[in-house]
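Visitor: I need the structure of the sequence given here:
(one chain, ligands or ions: 4)
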Amino acid sequence: MATINPFGRPMYIMLKPAGSLCNLRCEYCYYLEKQQLYTNCPNHIISDQMLEKFIREYIEAQTTPEVLFTWHGGETLMRPISFYKRALQLQRTYARGRQVDNCIQTNGTLLNDEWCQFFKENNFLVGVSIDGPQEFHDEYRKTASGKPSFHKVMQGIRLLNKHGVEWNALAVVNDFNADYPLDFYHFFKEIKCRYIQFTPIVERIVMRNDGLKLAPGMYEGGQLADFSVTPEQWGNFLCTIFDEWVRNDVGEYYVQLFDATLANWVGVAPGVCTMAAECGHAGVMEFNGDVYACDHFVYPEYKLGNLKDKTIYEMMHSPRQKEFAKLKNALLPQQCKECRFRFACHGECPKNRFVRDRYNQPGLNYLCKGYYQFFEHAAPYFEFMKRELQAQRPPANIMEEIRKGQKLGLG
Ligand SMILES: C[S@@+](CC[C@H](N)C(=O)[O-])C[C@H]1O[C@@H](n2cnc3c(N)ncnc32)[C@H](O)[C@@H]1O
Ligand code: SF4
Ligand code: SF4
Ligand code: SF4
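Guide: Ligands and ions are numbered 1, 2, ... in the order given. Model prediction:
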């Protein structure tokens, strides 16, 4: 089975067929407020004409024989099944011999037998957002009327399992759950979720003229949002889960960040953009055809154009997008340039770069301390796994090595 790994692709655009419409009101959500950019639009739903144009151009713009569509929210299941059936029909019309795959990200609360049958029949990979055990999840992931959502999500997961749909979990790490890494990790093992993606929550509150309150990255200022994880929490969280994983679960459970770190250790492109050297491969398209440089940069100043006026190829290969792609590396502060883990970290996501480095240069990642702690802690293990891979042996041999009590051979 595959994980949702669109970032490994040369060019990729997430599509938001219902804009930022959602039946939940997760407190930390960076999508919800994006509706403010579209107050003039009567409804936030992609038109059939726009859908067709997107599907045709998106397939044409790909350089690989396989094409991956990623349906993203708001809440994707707020569009009816008939919408996705139409999309599949259009994909078949324009595929012209290419293999087309679909993955869809959902909060899981609207899943029912019919949806699950549809996903199974059409081979969708489903990403479900769930922030760990009930008390963690329900802290922030609430409905519009303030009700918890955990039980509905679990019911959705049971249905996915019942119908044999492939799914994986997307969980955020915030101020509330970050201090309980093992409770968190064991939960995913208990629900037999073998592919887990953890995303740290880092947001700053600002006042902008366009009404958006969450700050884009790469500039200083604003007030850190309470729900953000601290660098110390993030470092401890990663190290604790890593210790458990590296002793028991390598090759059995896939934690996206550990996979990506190992990839960087052996010099292969990581499966997640935050750990890659450059940005720019992963755009996002709003319901009305507006295309932005990245899902985390849906701000007017990062808009590449609209599909009505420009082709996907033009926008994603435009000088503006090339410029955006390079910023990740170009804006690294001195501390990152000197860092021995630069090859693994690349300064992480520019969205999180808003503090000063030790030379008082701007642009250091707010989570730097946590990442550094993790890389330093895990380095001997990654070195060992790298040697195993180079000798064409499975990295999972690390577990036996640790059991034997061997020194891992790092000086
Ligand atoms: C914005 S949602 C859209 C799809 C769908 N509604 C869902 O919740 O899965 C996609 C993912 O982004 C995560 N997310 C929301 N706000 C975030 C933030 N401020 N920082 C990082 N991830 C965030 C959500 O938890 C979810 O897993
Ligand atoms: S379910 Fe997804 S889109 Fe909706 S509020 Fe929560 S994170 Fe945002
Ligand atoms: S800005 Fe962050 S999320 Fe966007 S492509 Fe770059 S690393 Fe990925
Ligand atoms: S660990 Fe810190 S200093 Fe090193 S590359 Fe990452 S953000 Fe930069």
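Visitor: CA atoms for contacts and neighbours, from now on please.
Guide: Noted.
Visitor: mind listing the strands in the protein by residue range?
Guide: Under the criterion DSSP state E, the chain contains strands at 12-15, 66-71, 99-106, 125-129, 166-173, 195-200, 204-205, 223-224, 254-255, 282-285, 290-292, 303-306, 353-355, 364-365.
Visitor: Could you list every helix and strand in contact with the first one?
Guide: With contacts defined as 3 or more CA pairs under 8 Å, 6 or more residues apart in numbering; DSSP states H and E, the packing partners of strand 12-15 are strand 66-71, strand 282-285.
Visitor: Quick one: closest of those to ligand 1.
Guide: Nearest of these to ligand 1, taken as CA to the nearest ligand atom: strand 66-71 at 8.5 Å.
Visitor: For Asp101, give its distance to ligand 1.
Guide: To ligand 1, Asp101 is 18 Å away according to CA to the nearest ligand atom, to the nearest Å.
Visitor: wait, I meant Gln91
Guide: 22 Å.
Visitor: Test for you: state the pLDDT assigned to that residue.
Guide: At Gln91, the model reports a pLDDT of 98.
Visitor: would you list the helices and strands packed on strand 12-15 in a markdown table and tack on mean pLDDT, mean neighbour count and distance to ligand 3?
Guide: Below are the helices and strands packed on strand 12-15 laid out as a markdown table (pLDDT from 0 to 100; neighbours: other CA atoms under 10 Å; distance: least, CA to the nearest ligand atom, whole Å):
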| stretch | mean pLDDT | mean neighbour count | distance to ligand 3 |
| --- | --- | --- | --- |
| strand 66-71 | 95 | 21 | 15 |
| strand 282-285 | 96 | 24 | 6 |
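Visitor: Could you see whether ligand 4 lies near the longest helix seen in the chain?
Guide: Scanning the chain for the helix with the most residues, using DSSP state H, yields helix 368-390. Yes: taking CA under 6 Å from any ligand atom as the criterion, helix 368-390 and ligand 4 are in contact, through Cys368, Tyr371, Tyr372.
Visitor: Could I get the average pLDDT for that helix?
Guide: On average, helix 368-390 scores 97.
Visitor: got the residues of this protein near ligand 4?
Guide: Residues of the chain lying near ligand 4 (CA under 6 Å from any ligand atom): Gln335, Cys336, Cys339, Phe341, Arg342, Cys345, His346, Gly347, Asn365, Cys368, Tyr371, Tyr372.
Visitor: buried subset of these?
Guide: Gln335, Cys336, Phe341, Arg342, Cys345, His346, Gly347, Asn365, Cys368, Tyr371, Tyr372 (16 or more other CA atoms under 10 Å).
Visitor: picking that back up, would you mind telling me which of the helices and strands packed on strand 12-15 is nearest Asn107?
Guide: Across those, Asn107 has its closest neighbour in strand 66-71 (12.4 Å, CA to CA).
Visitor: what's that closest one in contact with?
Guide: 6, 12-17, 59, 98-105 (CA atoms under 8 Å, 6 or more residues apart in numbering).
Visitor: Pairing partners for it, with directions?
Guide: Note on strand 66-71: by DSSP bridges, its sheet partners are strand 12-15 (parallel), strand 99-106 (parallel).
Visitor: Report the distance from that strand to the chain centre.
Guide: 15 Å (CA atoms, centre = their mean, to the nearest Å).
Visitor: ok, back up a step: now tabulate the strands of the chain in TSV and tack on distance to Lys328.
Guide: Formatted as TSV, the strands of the chain follow (distance: least, CA to CA, whole Å):
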stretch	distance to Lys328
strand 12-15	18
strand 66-71	24
strand 99-106	26
strand 125-129	27
strand 166-173	23
strand 195-200	18
strand 204-205	19
strand 223-224	22
strand 254-255	24
strand 282-285	13
strand 290-292	16
strand 303-306	17
strand 353-355	10
strand 364-365	11
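Visitor: hey, which of these is tucked in deepest?
Guide: Comparing the strands of the chain by mean neighbour count (mean count of other CA atoms under 10 Å), strand 364-365 comes out on top with a mean of 26.
Visitor: That strand - which strands sit beside it in the sheet, and in what orientation?
Guide: strand 353-355 (antiparallel).
Visitor: Need the residues that contact the strand it pairs with.
Guide: Gly217, Met218, Tyr219, Glu220, Gly221, Gly347, Pro362, Gly363, Leu364, Asn365, Tyr366.
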